[in-house]
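A.B. asks: Sequence and predicted model, in that order:
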There are 2 protein chains.
Amino acid sequence: MSITANTPQVLRRTNLKAVLDVMRGGGTCTGSDLMERTGLTRATVIAVCDDLVRRGWVRELVAERNGAAQKGRPARRFAFNEEAGCVLGLDLGVATVTAQVADLNGNVLGRAAQRIPGKALEATAAVRLETITSTVDRALQEAGLPTTAVLAVGIGVATVVDRHGNIAGGHQLSAMFDLGLQTEVWRDRAWPVLLENDANLAALAERWRGIAQGTDDLAVMLTGERLGAGLIESGRLLHGRNGGAGEVGTLQLVAGVGSRDGIARLARQWGTQALAEGRQTLIRELVGPETNRVSARFVFEAAAREDAVALEILDRIARRMARVIAVLGTFLDPELVVIAGAVAKSAVALLPTINQELPALTDTPPRVEVSQLGDGIVATGAVRLALDYVEENMVSLTPLGQPAVT
Amino acid sequence: MSITANTPQVLRRTNLKAVLDVMRGGGTCTGSDLMERTGLTRATVIAVCDDLVRRGWVRELVAERNGAAQKGRPARRFAFNEEAGCVLGLDLGVATVTAQVADLNGNVLGRAAQRIPGKALEATAAVRLETITSTVDRALQEAGLPTTAVLAVGIGVATVVDRHGNIAGGHQLSAMFDLGLQTEVWRDRAWPVLLENDANLAALAERWRGIAQGTDDLAVMLTGERLGAGLIESGRLLHGRNGGAGEVGTLQLVAGVGSRDGIARLARQWGTQALAEGRQTLIRELVGPETNRVSARFVFEAAAREDAVALEILDRIARRMARVIAVLGTFLDPELVVIAGAVAKSAVALLPTINQELPALTDTPPRVEVSQLGDGIVATGAVRLALDYVEENMVSLTPLGQPAVT
DNA sequence: TCCTTTTATTTAGTGTCTAAATTTATGTTC
DNA sequence: GAACATAAATTTAGACACTAAATAAAAGGA
């Protein structure tokens, strides 16, 4: 069991990959472009391209005289064939299933979302699986693609997943998501299924399409009902021994530092408490006189209107977040911490307090930003995860509508 | 700028490396052994071995009839040539310089240690460099090796170092160690110099020769006057954006959680305090009546003799360590946390309390152990760092006493 | 039409591997 | 000791993948 390369064909595979890496991400390439970017000779580059076209990953464009007068023999133009297949990104929440279908450049071709019917927490595995499959099928239908087009499926779940994609038992919600997605379900569809923690996928998403582009060291706090962090160091996700890395929610440190609860739950909790104490606040108006069912939204709205009680709640939340971020910053030294999740939009209000608190808590406060990616963040990360898999294994996968090629 | 492989020679280089990886770590190999371990054919394996012998990294042993009667043509026997060069591991402390010389299997051939003359904190760069060089030369002399035998130098420093081996400015002690070791000093000796944080090297050492062998996810708390952690996830050191990962000392969280100070300093501090308060304790006897200069050793010794005040101090230290370990465990999910450093031996006394405290602080308490490596831990890690470099670059380096080979 | 430019393609040569045949150096058996 | 068995090394032939250099193709411009 060691790093072995044997046949000369390994060389070709390496070069196939090198050329694909250059081509991917759009734009057309000429042989000369590829020579420059890969360092290979023209003969090799063309041979590799022909190989890729034959395999279906690349298409050759008809030589179009493109504007500017060009001397010399026209170059053959190649482009990555983003339609050689698609990937699926799933966000399995406690109550909702979200699916995205994307082509191999990551362009979203279809979306679907469904609630788990009935009481989500009590749903059986069968009901859950049924919902997942039908959501996937709807998204594929919208994209106009058959199940055979799917090259990989990335799935985000709200529990601990180790680095091999196995759900770690004994954790909160672990039973709920341990549905045999990798092996049993979709066995007939033969999809490679990649499970990952939702906060980790949020981190992939921020680095791919969010505010963390170009950042190799970051933490994304995915907050809502729960609180979890996705950690990327040197461009790689951190999992820890059992996938528990970033599970800041399980930290029960001295009062106030630990926080099993996300921003939304804290806002609701403390808002409800304020009402129960009969305090004078706009939250009462927003909730209505009849009930005490505070939602996070009401607290943030009241705060936006300068309500003192709501502002105090936000202040408490921000201080708690600052503490968690300070610890993250000290232990991992990320370049950037992103606050993401259901309440990200409202979280902008927390930034001033957080940034004000941080210097007192750590010598090297990280930059803190709020995510702009919105609801689809986990599904987007799941798409990225699936794309990573496909890109890594392209040479051994068979693209859509192509016979197997050796 | 992309992953490129071109000539068929790349294949050979990969296979050279594969064969070396099998051979390294002692023992002799026959062609058949290598065939099995690398998956290459006999013809290739022999060709690669001949190549390695020619380059000087491998030596062929005289065919010795080894005990058991062997049918067939005797196999040629090859062994990694651990004397093809050596590496240097340095531990630059605030007041002391420690050097180890090791062969390419990591066997220590020479050691030396020297104190920085005069007041260490006030020593000039010139004095410091002089001490370093003379310590190195002594160690080489003991090993009986010329400076030309050195293939790489690993250096541990007690400050923040980023993943490229650059000392991050603006940190505690950063100026003290930023001596131009990589470029200016030893320019004439042309050694590759690899700088790394001391706690990180302690982590490498524990994984190589210590209690963490076979562990891919671990944290090593290097504690003494300072407190720093070396973090390994999935077998790789974590640095963070600026190398600050693991600098738990800079954490100024709510009372008691932060800890700029290591175990030794806390023991001294709290011991001194107890004396100042005039409490009845064995520490007084150990220190002597004349003075109040408590050292950590006295506190631990008093505790070993069941002194109530000393035991209370140990309890406080253990609780503080438990908090830091709990945070580490929660954020990074290591398999193992090792307590190392000057006070490691005494730290055994802390284990019961730490293990008792942990479950209340985190849902997933890591295993906690005490290092057995002793004083040389950082230098050992530095040797490992240098070996890693040499092993990675073996194909492009020139071993001792060999002409350059292409 | 001829020249220049840029690119593609072909050809010859080299390095590396595998697979199969051959040789070598031993032990075993009669 | 000759014949046989065995395990390993070595040689040979063939397959690939690459480079480098020569050749061919497809344009624009004088």
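C.D. replies: Alright, I've got the coordinates.
A.B. asks: could you show me where the strands are in the stretch 301-406 of chain A, in order?
C.D. replies: With DSSP state E, counting those that start in this stretch, the ranges of strands along the stretch 301-406 of chain A come out as A:336-340, A:367-370.
A.B. asks: can you redo those as JSON lines with mean neighbour count, distance to DNA strand D and mean pLDDT?
C.D. replies: In short, each C-beta sits where N, CA and C put it, glycine included. Rendered in JSON lines, the data for these read as follows (neighbours: other Cβ atoms under 10 Å in any protein chain shown; distance: least, Cβ to the nearest atom of the strand, whole Å; pLDDT from 0 to 100):
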{"stretch": "strand A:336-340", "mean neighbour count": "26", "distance to DNA strand D": "38", "mean pLDDT": "97"}
{"stretch": "strand A:367-370", "mean neighbour count": "19", "distance to DNA strand D": "42", "mean pLDDT": "97"}
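A.B. asks: and B:P146, which of those is closest to it?
C.D. replies: Evaluated with Cβ to Cβ, these place strand A:336-340 nearest to B:P146, the distance being 48.2 Å.
A.B. asks: What helices and strands are in contact with that closest one?
C.D. replies: With contacts defined as 3 or more Cβ pairs under 8 Å, 6 or more residues apart in numbering or on different chains; DSSP states H and E, the packing partners of strand A:336-340 are helix A:198-209, strand A:218-223, helix A:308-332, strand A:367-370.
A.B. asks: rerun at 6 Å
C.D. replies: Contacts defined by 3 or more Cβ pairs under 6 Å, 6 or more residues apart in numbering or on different chains; DSSP states H and E place strand A:336-340 against strand A:218-223, strand A:367-370.
A.B. asks: Tell me which residues are up against the shortest one.
C.D. replies: Residues from elsewhere that reach strand A:367-370 (Cβ atoms under 6 Å, 6 or more residues apart in numbering or on different chains): A:I211, A:L336, A:V337, A:V338, A:I339, A:A344, A:A347, A:V348, A:I354.
A.B. asks: Tell me if I'm right that the last one and A:V324 touch.
C.D. replies: What it means is A:I354. No. Taking contacts as Cβ atoms under 6 Å, A:I354 lies outside contact range of A:V324: 9.9 Å.
A.B. asks: ok, the contacts of strand A:367-370 vs chain B, which is closest?
C.D. replies: A:L336 (8.4 Å; Cβ to the nearest Cβ).
A.B. asks: Distance check, that closest one against DNA strand C.
C.D. replies: Separation of A:L336 from DNA strand C (Cβ to the nearest atom of the strand, to the nearest Å): 40 Å.
A.B. asks: hang on, that residue packs against A:A219?
C.D. replies: No. Under the criterion of Cβ under 6 Å, A:L336 makes no contact with A:A219, lying 7.7 Å away.
A.B. asks: Outline the domain layout of chain A.
C.D. replies: Per automatic domain parsing, the structural domains of chain A span A:9-65+A:75-80, A:86-205+A:378-396, A:213-372.
A.B. asks: The helix or strand encompassing A:V19: what's the following helix or strand?
C.D. replies: Assessed by DSSP states H and E, A:V19 sits inside helix A:9-23. Where DSSP H and E defines the elements, the next helix or strand beyond helix A:9-23 is strand A:28-30.
A.B. asks: hmm, that next one touching DNA strand C?
C.D. replies: Yes. Using Cβ under 7 Å from any atom of the strand, strand A:28-30 comes into contact with DNA strand C via A:T30.
A.B. asks: so what strands line up beside that strand?
C.D. replies: Within its sheet, strand A:28-30 is paired with strand A:77-80 (antiparallel), according to DSSP bridges.
A.B. asks: got the CA positions of whichever helix or strand comes after the strand it pairs with in PDB?
C.D. replies: Following strand A:77-80 in sequence order, the next helix or strand is strand A:86-92 (DSSP H and E). This file holds the C-alpha atoms of strand A:86-92, laid out as PDB (Å, rounded to 0.1, in the frame of the first residue of the first chain):
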ATOM      1  CA  CYS A  86     -24.700  17.100 -14.000                       C
ATOM      2  CA  VAL A  87     -24.400  17.000 -10.200                       C
ATOM      3  CA  LEU A  88     -27.000  17.100  -7.500                       C
ATOM      4  CA  GLY A  89     -26.700  19.200  -4.300                       C
ATOM      5  CA  LEU A  90     -29.000  18.400  -1.500                       C
ATOM      6  CA  ASP A  91     -29.700  20.100   1.800                       C
ATOM      7  CA  LEU A  92     -31.400  17.800   4.200                       C
END
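A.B. asks: can you state the direction angle for the next helix-or-strand element following strand A:86-92 and strand A:86-92?
C.D. replies: Sequence order places strand A:96-103 as the next helix or strand after strand A:86-92, per DSSP H and E. Angle of strand A:96-103 versus strand A:86-92, following axes from the mean of the first three to the mean of the last three Cα atoms, to 10 degrees, is 160 degrees.
A.B. asks: ok, back up a step: let's have the helices and strands packed on strand A:336-340 in CSV, adding distance to A:G26.
C.D. replies: Converted to CSV, the helices and strands packed on strand A:336-340 look like this (distance: least, Cβ to Cβ, whole Å):
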stretch, distance to A:G26
strand A:218-223, 25
strand A:367-370, 26
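A.B. asks: DNA strand C: which of these is closest?
C.D. replies: strand A:218-223 (39.2 Å; Cβ to the nearest atom of the strand).
A.B. asks: Partner strands of the closest one, with direction?
C.D. replies: Partners of strand A:218-223 in its sheet, by DSSP bridges: strand A:227-233 (antiparallel), strand A:336-340 (parallel).
A.B. asks: How about residues contacting it?
C.D. replies: The contact list for strand A:218-223 (Cβ under 6 Å, 6+ apart) reads A:199, A:202-203, A:206, A:212, A:228-232, A:262-263, A:328, A:334, A:336-341.
A.B. asks: how distant is stretch A:166-174 from the center of its chain?
C.D. replies: Centre-to-centre, stretch A:166-174 and its host chain are 19 Å apart (Cα atoms, centre = their mean, to the nearest Å).
A.B. asks: for chain A, what spans make up the helices?
C.D. replies: Taking DSSP state H as the criterion, chain A contains helices spanning A:9-23, A:31-38, A:42-55, A:125-143, A:174-177, A:198-209, A:263-276, A:282-287, A:296-304, A:308-332, A:344-347, A:351-361, A:377-393.
A.B. asks: closest one to B:E285 among those helices?
C.D. replies: helix A:308-332 (39.5 Å).
A.B. asks: hmm, that closest one in reach of chain B?
C.D. replies: Yes. Using Cβ under 6 Å from any Cβ of the partner chain, helix A:308-332 reaches chain B at A:V327, A:T330, A:F331, A:L332.
A.B. asks: Could you list every helix and strand in contact with that helix?
C.D. replies: Helix A:308-332 packs on helix A:263-276, helix A:296-304, helix A:351-361, going by 3+ Cβ pairs under 6 Å, 6+ apart.
A.B. asks: tell me which residues of stretch A:269-280 are tucked away?
C.D. replies: Residues A:W270, A:G271, A:T272, A:A274, A:L275 are the ones in stretch A:269-280 that count as buried (16 or more other Cβ atoms under 10 Å in any protein chain shown).
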